[in-house]
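Enquirer: Need coordinates for the following:
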Amino acid sequence: MPHSPAVTPDTAPRPEVARIDGVSKRFTIRKDSSIKERIVTLGRAGRRHKQDFWALRDVTLDIFAGETIGLIGHNGSGKSTLLKVIGGIIQPTTGTVEERGRLAALLELGAGFHPDLTGRENVFLNASVLGLSREETEARFDEIVAFAAIGDFIDTQVKFYSSGMYVRLAFAVAVHTDPDVLLVDEVLAVGDEAFQRKCMDRIRDFQRQGRTIILVSHALDQVVDLCSRCVLLDKGHVLYDGEPTVAVARFRDLLEERRIGEKADIATEQQRRAGAITEVTAVAVGRGAGETVQPGDDLEIRIAVEADRLDSWVCRIQIDDTMGQKVFATGSDWLDMPVPALEGDGEVVFALKSPAFGGGKYFVNATLIDDDGQTLYNIMQATSFNVAPDPRAIGHLRIAVEGNAVSAIS
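Expert: From the prediction side, this is the model:
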């Protein structure tokens, strides 16, 4: 379903700047790589040497003025293809795209730059492609160069530029064309930290000015921070269109399902000799497994263990964030929790009382260790759970905060 603009008694609905209606895009993948092979496979037999790939399938979206929209999904889900269709870089196989206003696209590093031209010449060339007259470009030239911070290199051929200089100049030109719609494809992930902060400041300036921004990013925290709306794509289909926190949570669930589906739990020879096989089978949250952890909920982690015989052993768990950073770890030995000898099936339960995790997805690792400190079995990211986002803060901790503002004393 198309996304509808919010309407309140005090505000009129925002105008549409783009309408994507039933858009599908097909690419043909050829399996014959050389001209000779293509000649040999001409005619009916050649059909076996090519395959259709649908990057987009019946995508319908309404985009409204002033929105910042994030496009997220797996590699190959259709994000960049959709951005290029919106930007008019490629034409859809079926469906229509209608748009209005000046559009600037940052889809690839230095796209539209000629390597044999200088930075100055490329500024005028790229600005003209983006719709600026020569007089408008001349009036903004000094500001563009200052933003790009490439100094004396402006009159050097861009083929001698570093990738950072490339993207700085490309971004500077795009954001100084006063676009109504800005399309950004992973460009904000390039460059040093100072330039990334400068880009983010300009993006926020655009947001305050009511411009429309559509960006593709794998930095999910950045999407939640920047975007007012998020579209989750999977295999060319729109799976979700709405709140960024919900879209990101659903995407992380998809990533987890994919990881589990690709994972093969094969014990090593050492583990088989030890006779210890363990698996985290469930994470029970609140009223039941799979529910989102809410503030005040207890979190119960159950580790099912199967062994020929384990006389003396300990069990440890570790909880990581989506970047693999350790958030919490404990173990039966650290808790002085006796673990009986095991022959057959057993279970270890860790009950976390009202854990103060911040919003997001977390992964559980489990490890069995013997008396000598040797790892008997280790299973990484055995399962995961989601924690409800905190609208008042971000980070790994949920902390009750009281604020107080005082006026200046004259």
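Enquirer: does residue 50 really touch residue 29, like I thought?
Expert: Yes: using CB atoms under 8 Å, residue 50 is in contact with residue 29, at 6.6 Å. Every residue, glycine included, has its C-beta placed from N, CA and C.
Enquirer: which one of the two has more residues nearby?
Expert: residue 50 (13 against 9; other CB atoms under 10 Å).
Enquirer: How much space separates that one from residue 28?
Expert: Separation of residue 50 from residue 28 (CB to CB, to the nearest Å): 5 Å.
Enquirer: Run through the stretch 1-150 of the chain and note the low-pLDDT ranges.
Expert: The model of the stretch 1-150 of the chain has pLDDT under 70 over residues 1-12, 30-49, 108-112.
Enquirer: Which parts of it are strands?
Expert: 16-30, 50-64, 68-73, 94-99, 103-106 (DSSP state E, counting those that start in this stretch).
Enquirer: Please identify the most buried of those strands.
Expert: strand 68-73 (a mean of 25; mean count of other CB atoms under 10 Å).
Enquirer: helices or strands up against that strand?
Expert: Strand 68-73 sits against helix 79-86, strand 212-216, helix 220-226, strand 229-234, helix 244-262, with contacts defined as 3 or more CB pairs under 8 Å, 6 or more residues apart in numbering; DSSP states H and E.
Enquirer: Looking at those, spot the one closest to residue 325.
Expert: For the helices and strands packed on strand 68-73, the distance to residue 325 is smallest for helix 220-226, at 12.6 Å, taking CB to CB.
Enquirer: Remind me what that closest one packs against, helices and strands.
Expert: Against helix 220-226 (3+ CB pairs under 8 Å, 6+ apart) you get strand 68-73, helix 193-208, strand 212-216, helix 244-262.
Enquirer: At the geometric centre of this structure, which residue sits there?
Expert: residue 218 (2.7 Å; CA atoms, centre = their mean).
Enquirer: Next, give phi and psi for that one.
Expert: Main-chain torsions, residue 218, degrees, to the nearest 10: phi -90, psi 0.
Enquirer: does it really touch residue 248, like I thought?
Expert: No: here residue 218 lies out of contact with residue 248, judged by CB under 8 Å, at a distance of 11.2 Å.
Enquirer: Need the residues touching each of those two.
Expert: residue 72 (CB atoms under 8 Å, 6 or more residues apart in numbering).
Enquirer: Dig out what residue 27 forms beta bridges with.
Expert: On the basis of DSSP bridges, residue 27 is bridged to residue 53.
Enquirer: Give me the distance between the residue nearest to the centre of the chain and residue 389.
Expert: As judged by CB to CB, residue 218 and residue 389 stand 19 Å apart.
Enquirer: residues contacting the closest residue to residue 256 other than its chain neighbours?
Expert: Among residues not flanking residue 256 along the chain, residue 384 sits closest, at 5.1 Å (CB to CB, 6 or more residues apart in numbering). The contact partners of residue 384, taken as CB under 8 Å, 6+ apart, are 252, 256, 283, 361, 362, 363, 364.
Enquirer: quick one: which of those has the most company?
Expert: residue 362 (24 neighbours).
Enquirer: isn't there a helix covering that one?
Expert: No: Residue 362: not assigned to a helix; according to DSSP: H, G, I helix; E, B strand; the rest coil it is strand.
Enquirer: Does it touch residue 327 like I think?
Expert: Yes: if you go by CB under 8 Å, residue 362 and residue 327 touch, sitting 6.5 Å apart.
Enquirer: any shared contact partners between the two?
Expert: 319, 320, 321.
Enquirer: Distance-wise, check the closest residue to residue 381 other than its chain neighbours relative to residue 81.
Expert: Spatial nearest neighbour of residue 381, chain neighbours left out: residue 363 (4.3 Å); criterion: CB to CB, 6+ apart. From residue 363 across to residue 81, the span is 30 Å (CB to CB).
Enquirer: Ok, residue 167 next?
Expert: According to CB to CB, residue 167 stands 21 Å off from residue 81.
Enquirer: do the same with residue 354
Expert: With CB to CB as the criterion, residue 354 and residue 81 are 45 Å apart.
Enquirer: residue contacts, the residue lying closest to residue 159 once chain neighbours are set aside?
Expert: Distance criterion CB to CB, 6+ apart; nearest residue to residue 159, sequence neighbours excluded, is residue 115 at 3.7 Å. Residue 115 sits next to 157, 158, 159 when contact means CB under 8 Å, 6+ apart.
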